[in-house]
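K.L.:
this is a predicted model, with the sequence first.
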Amino acid sequence: MAKYGGICQGAGVEFKSRCLPTCNNAGLKEDWSAWSSYSTCSVSCGGGLQYRTRTCKDGKGQACQGSATNYRACNTPACVVHGGWSDWSELTSCSASCGSSIQSRDRTCSDPAPVGGKPCAGVGTEIKHCFTMPCPDMRDKSTYFNGDSYVEYLPSTYITRILYIYVHFKPLTKDGVLFHRYNDSCTQQSCEHEVLLQLKDWRLTVQATCGAAVLTPAEVEQQLTISMWHGVLLTIVGQEVTIRIDNRAQYNYTMKGNVLEDVHHDQQMRVGMMKNSPNLPGFQGWISALHVNYKQHILHHVEHWAGVGSPEDAVNIRSDNADFAAFLPVFSNTTYTAIPIHQSKAELHVRVILQPYNTTGVVLFCQGAEPGSYIVLRMIAGKFCLCLHPGLKEECTTFSQDIKEASWYIADILILGVTAELHVNHIEGDEVTAAGPVFTASGRLLIGGGSTADWSVIQMTTQLKQGFIGLIHSVIIDGEEHLMRYVALHTKDGVLQSQYASLAGRLVTSHIARSVLSRIYTATTHKV
């Protein structure tokens with residue numbers, strides 16, 4: 001700055017040249033080769049890389065300045081991804097514990113999820129019909145006895161010269177009193193008139209006293225099975241005592257001594273324990289039916305009702321209705337029922353709700369109006385098979401899924417002219433068309449088998465020899481339901497099963513003195 005505020009003359013910065021060493025131009029741009037072409041992009045979409053290279057031309061071996069490789073982004077637009085389904089989930093449980101219901105399974109469009117591409121084709125939720133078992137009738141009740149339980153009945157006040165008792169029971173122990181019939185005069189030491197039926201080491205034992213006539217304890221040969229339902233029919237007529245077990249084995253005994261002509265079998269009755277005998281074990285298990293002299297007896301208290309068959313007392317019992325075998329008749333290969341078809345039908349829809357114990361046998365058979373025509377639903381090789389024969393040739397369709405023993409099924413049969421369809425548990429099967437005239441159902445629908453005469457026809461037409469073994473809940477023919485618990489079963493020889501033979505809607509008994517009966521018999525034989 002000027003001392004006295006003036007402006008200085010000349011430049012404020014001075015430059016001087018200086019001698020520097022000579023530069024080495026090796027490794028400059030002109031010593032690199034030209035860049036190569038870029039490589040293929042590493043991905044086709046979604047952002048990848050490609051590169052190019054060059055080489056150093058320095059002959060002295062000194063490193064070129066810069067990189068020998070160059071990178072750049074490529075194919076940066078997002079990839080287009082078409083959707084793909086994941087695996088199906090497990091099927092849910094049926095929406096209801098009984099009857100027809102539904103179940104479902106799901107899958108998601110996430111394997112892979114769509115990105116700018118097509119979504120998954122199809123549905124993400126699949127719904128199926130399902131069936132686990134028919135719904136129990138809440139009016140049905142079986143009664144549990146724990147060994148200290150009993151149900152007591154008073155006499156009916158009706159004079160009866162016979163005793164006819166049916167019991168349906170499931171034992172859980174090898175010993176126990178099923179029932180004891182007695183008079184008020186009975187003591188622990190003696191009883192002039194009593195009947196005792198009990199289990200001893202899984203065998204039934206009966207003893208009876210009718211005044212001077214005595215049946216000492218008689219043990220049947222058949223051994224019962226734990227936790228299985230059994231039916232026993234005890235009959236006393238005069239001196240003769242008969243026990244029929246499970247509608248098959250029958251055992252006959254004769255009392256020693258004479259039974260009074262005016263014997264009266266109307267007595268008190270205790271089920272589950274013996275009166276005045278604490279040493280005998282009580283029954284442990286379930287009882288679902290008790291019929292005494294053709295009258296049904298209730299095994300639990302019914303409020304505001306009393307009368308014949310109503311218990312006077314019930315101690316330590318409980319009831320349940322979950323076991324179908326307690327109330328449904330068992331088809332046993334030799335038993336069957338026949339349901340009438342009221343009019344000839346060219347179109348027929350039959351639904352059978354069944355639980356097979358065996359996967360072979362005839363479920364139903366129906367002859368047609370045309371000679372040689374029939375339909376038959378059978379189980380063979382563990383599968384349901386429906387056959388239609390309109391009169392010229394038989395055609396069959398087999399349902400693909402296997403039958404599991406002791407599982408419940410709904411089998412739907414639709415016959416339309418010469419066409420037959422079979423659906424199982426609401427799953428459609430194949431349709432079959434047979435040659436011949438239009439099939440017209442007539443007469444009867446045989447369930448489980450047939451009589452001896454029926455079997456000759458079944459075997460001749462179908463070559464089948466075995467009937468159904470298991471439970472059938474109901475048969476529905478064109479909307480009309482037939483509950484098997486109310487339909488009587490017969491053996492192929494025509495014998496009515498005990499649970500039906502031991503019931504009557506109305507019973508009238510007449511007593512004829514032995515002397516009069518003897519005179520009638522003598523007079524008749526003399527005439528002949």
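P.N.:
Yep, that arrived. Numbers count the residues shown, from 1 in each chain.
K.L.:
for Trp455, pull up the helix or strand it's in.
P.N.:
For Trp455, the host element (DSSP states H and E) is helix 452-462.
K.L.:
was I right to think Val259 contacts Val214?
P.N.:
No: with contact defined as Cβ atoms under 8 Å, Val259 does not reach Val214; the gap is 10.1 Å. For the C-beta atoms, the positions are set from N, CA and C on the backbone; glycine is no exception.
K.L.:
burial of Asn293, as a residue count?
P.N.:
If you count neighbours by other Cβ atoms under 10 Å, Asn293 ends up with 19.
K.L.:
what's near enough to touch it?
P.N.:
Residues near Asn293 by Cβ atoms under 8 Å, 6 or more residues apart in numbering: 156, 158, 160, 162-165, 265, 507.
K.L.:
and those residues, which is closest to Lys128?
P.N.:
Nearest to Lys128, judged by Cβ to Cβ, of the contacts of Asn293 is Ile165 at 47.8 Å.
K.L.:
Leu503 is in contact with Gln296, correct?
P.N.:
Yes: shown here, Gln296 and Leu503 form a contact pair, counting by Cβ under 8 Å, at 6.3 Å.
K.L.:
now the strands: where do they sit in the stretch 401-528 of the chain?
P.N.:
Taking DSSP state E, counting those that start in this stretch as the criterion, the stretch 401-528 of the chain carries its strands at 409-416, 419-424, 427-433, 444-447, 469-477, 480-483, 490-491.
K.L.:
what does the stretch 201-350 of the chain give?
P.N.:
Under DSSP E, counting those that start in this stretch, the stretch 201-350 of the chain gives strands at 203-210, 213-223, 230-237, 240-245, 249-254, 268-271, 284-292, 295-296, 313-315, 318-320, 330-332, 335-340, 347-356.
K.L.:
least reliable of those strands going by mean pLDDT?
P.N.:
Mean pLDDT per stretch puts strand 318-320 lowest among these, at a mean of 88.
K.L.:
just checking, what packs against it?
P.N.:
The contact analysis (3 or more Cβ pairs under 8 Å, 6 or more residues apart in numbering; DSSP states H and E) places strand 318-320 against strand 142-146.
K.L.:
mind listing what the strand it packs on pairs with, with the direction of each?
P.N.:
Paired strands of strand 142-146, with direction, are strand 284-292 (antiparallel), strand 318-320 (antiparallel) (DSSP bridges).
K.L.:
can you tell me which of these is most buried?
P.N.:
Across the strands paired with strand 142-146, averaging neighbours per residue (mean count of other Cβ atoms under 10 Å) puts strand 284-292 on top, at a mean of 23.
K.L.:
residue closest to the middle of the chain?
P.N.:
Computing the C-alpha centroid of the chain and ranking residues by Cα atoms, centre = their mean puts Trp408 first, at 2.5 Å.
K.L.:
which residue packs closest to that residue, ignoring adjacent ones?
P.N.:
Leaving aside its chain neighbours, Trp408 sits nearest to Met133 (4.3 Å; criterion: Cβ to Cβ, 6 or more residues apart in numbering).
K.L.:
around the one you found, count how many other residues there are.
P.N.:
17.
K.L.:
before we move on, back to that, I'd guessed the residue nearest to the centre of the chain sits against Val352; true?
P.N.:
No: counting by Cβ under 8 Å, Trp408 does not reach Val352; the two are 11.0 Å apart.
K.L.:
overlap of the contact sets of the two?
P.N.:
Here Trp408 and Val352 have no joint contacts, going by Cβ under 8 Å, 6+ apart.
K.L.:
tell me the bridge partners for Gly470.
P.N.:
Phe331, Pro356.
K.L.:
my read is that it contacts Pro329, right?
P.N.:
No: using Cβ under 8 Å, Gly470 is not in contact with Pro329, being 10.6 Å away.
K.L.:
re earlier: among Val259 and Val214, which residue is more densely surrounded?
P.N.:
Neighbour count, other Cβ under 10 Å: between Val259 and Val214, Val259 has more, with 18 against 13.
K.L.:
for the more buried one, which non-adjacent residue is closest in space?
P.N.:
Nearest to Val259 is Ala213, by Cβ to Cβ, 6+ apart, at 4.4 Å.
K.L.:
quick one, what contacts that neighbour?
P.N.:
239, 255-259.
K.L.:
all strands of the stretch 51-200 of the chain, in order?
P.N.:
69-74, 100-106, 125-131, 142-146, 150-153, 162-171, 176-182, 193-200.
K.L.:
does Leu446 touch Ile341 like I think?
P.N.:
No: using Cβ under 8 Å, Leu446 is not in contact with Ile341, being 10.8 Å away.
K.L.:
low-confidence ranges in the stretch 1-150 of the chain?
P.N.:
Low-confidence segments of the stretch 1-150 of the chain (pLDDT under 70): 1-30, 58-63.
K.L.:
cool, the stretch 301-450 of the chain as well?
P.N.:
For the stretch 301-450 of the chain, the ranges with pLDDT under 70 are 304.
K.L.:
can you do 80?
P.N.:
301-307, 321-322, 342-346 (pLDDT under 80).
K.L.:
and Tyr486, how many neighbours?
P.N.:
9.
K.L.:
need the pLDDT of it.
P.N.:
At Tyr486, pLDDT is 88.
K.L.:
on that earlier part again, which residues touch the residue nearest to the centre of the chain?
P.N.:
When contacts are counted by Cβ under 8 Å, 6+ apart, Trp408 touches 131-134, 353-355, 473.
K.L.:
ok, now how distant is it from Tyr150?
P.N.:
34 Å (Cβ to Cβ, to the nearest Å).
K.L.:
neighbours around the closest residue in space to Ile415 that isn't next to it in sequence, how many?
P.N.:
Distances taken as Cβ to Cβ, 6+ apart place Leu348 nearest to Ile415, at 4.3 Å, with adjacent residues excluded. Neighbours of Leu348 under the rule other Cβ under 10 Å: 21.
K.L.:
quick one on the thing from earlier: report the buried members of the contacts of Asn293.
P.N.:
Using 16 or more other Cβ atoms under 10 Å as the burial test, those include 156, 160, 163-165, 265 as buried.
K.L.:
format those as TSV; extra columns: distance to Ala435.
P.N.:
Shown next, in TSV, are the buried ones among the contacts of Asn293 (distance: Cβ to Cβ, whole Å):
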residue	distance to Ala435
Ser156	62
Thr160	61
Leu163	59
Tyr164	54
Ile165	56
His265	63
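K.L.:
most packed of the strands of the stretch 401-528 of the chain?
P.N.:
For the strands of the stretch 401-528 of the chain, the largest average neighbour count (mean count of other Cβ under 10 Å) is found in strand 444-447, namely a mean of 22.
K.L.:
what are the pairing partners of that strand, and which direction each?
P.N.:
Strand 444-447 has the following strand partners under DSSP bridges: strand 335-340 (antiparallel), strand 361-367 (antiparallel).
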